[in-house]
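S.K.: Attaching a predicted model along with its sequence, questions to come.
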Amino acid sequence: MPGLLVLNGGDEFRPGNEPQDRELVSPAGSGPAYVVATAARRQGPDLAVANARKWFGALGLAVEELPVYTRSDANSSELAARAEQARFIYLTGGDPGLLAHTLRASAVWDAMTRAWLSGAALGGSSAGAMALCERTLVMARWPRHEQRRPIPALGLVPRTAVLPHYERMGSRWTVEGGPAALTLLGLDERTAAVWNAKGWHAAGAGAVTVISDGEPARFESGDACQGIPEPVVPERELA
């Protein structure tokens, strides 16, 4: 049975994230627990890993790094074997395009998928959450940070793309091109859309906004979220 899935809006490893992160930690048990700082490769991955260790350690879970920074790392049989045994995997924030390019259609991502299907808890924040969806949103043209275009990501949540840091900047993003039926998921900082066997719900300090066919629906922490597609096993290659 698939494990818990958490899509967090950013500002991870800080107070306010406790509700969703306690949910994420709870089913991890005593198996291997990994933080994956691929997206932070250009912004200081060591700090991201240290913050994750401190944060999750305070929640009772010891995590270690799964060092995946290049396509060679992502296709390492040794790293893939470690990922497949994981009971907890967390993808940090950073560069959404870099994360999707590095992990997509790789041995490590296939192993992470198998771990999740076997019950491992899987989470991502900001770029990490973006990459877990069908599309991730990258800058369409410099220096217009708010103009975004969707590119193929890891595909775990179909027909969906995340607008992270929604209350601070994601709500100003415009999306150019991409699938016509794309659902946009606005996630406030320190707020997550959480999926379990019962469906999706909001957790954390802010709100989850689901935008489908141009109509936004806002869900506060504890609310069941309507309009988010159920996660599925992604295809080996996403068209």
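M.R.: Perfect, thanks for sending it. Since the structure is predicted, the reported quantities are computational estimates derived from the model, not experimental observations.

S.K.: Any buried residues in stretch 158-174, and which?
M.R.: Neighbour counts over stretch 158-174 (16 or more other C-beta atoms under 10 Å) mark 158-167, 170, 173 as buried. Where you see a C-beta, it was placed from the backbone N, CA and C, and this is true even at glycine.

S.K.: Looking at the residues you listed, which two lie furthest apart in space?
M.R.: P158 and E167 (25.6 Å; C-beta to C-beta).

S.K.: which stretches of this protein aren't confidently modelled?
M.R.: For the chain, the stretches with pLDDT under 70 are 178-179, 234-239.

S.K.: centroid residue for the chain?
M.R.: What sits nearest the mean C-alpha location of the chain, by C-alpha atoms, centre = their mean, is A129, with 2.1 Å.

S.K.: All the strands of the chain, in order from the start?
M.R.: 5-8, 33-36, 64-65, 88-91, 121-125, 135-141, 144-152, 160-163, 174-175, 183-187, 191-196, 199-204, 207-212, 215-220 (DSSP state E).

S.K.: Distance to V233 for the ones you listed - can I get that in CSV?
M.R.: Shown next, in CSV, are those (distance: least, C-beta to C-beta, whole Å):
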stretch, distance to V233
strand 5-8, 12
strand 33-36, 19
strand 64-65, 26
strand 88-91, 16
strand 121-125, 12
strand 135-141, 17
strand 144-152, 16
strand 160-163, 15
strand 174-175, 25
strand 183-187, 19
strand 191-196, 14
strand 199-204, 17
strand 207-212, 22
strand 215-220, 26
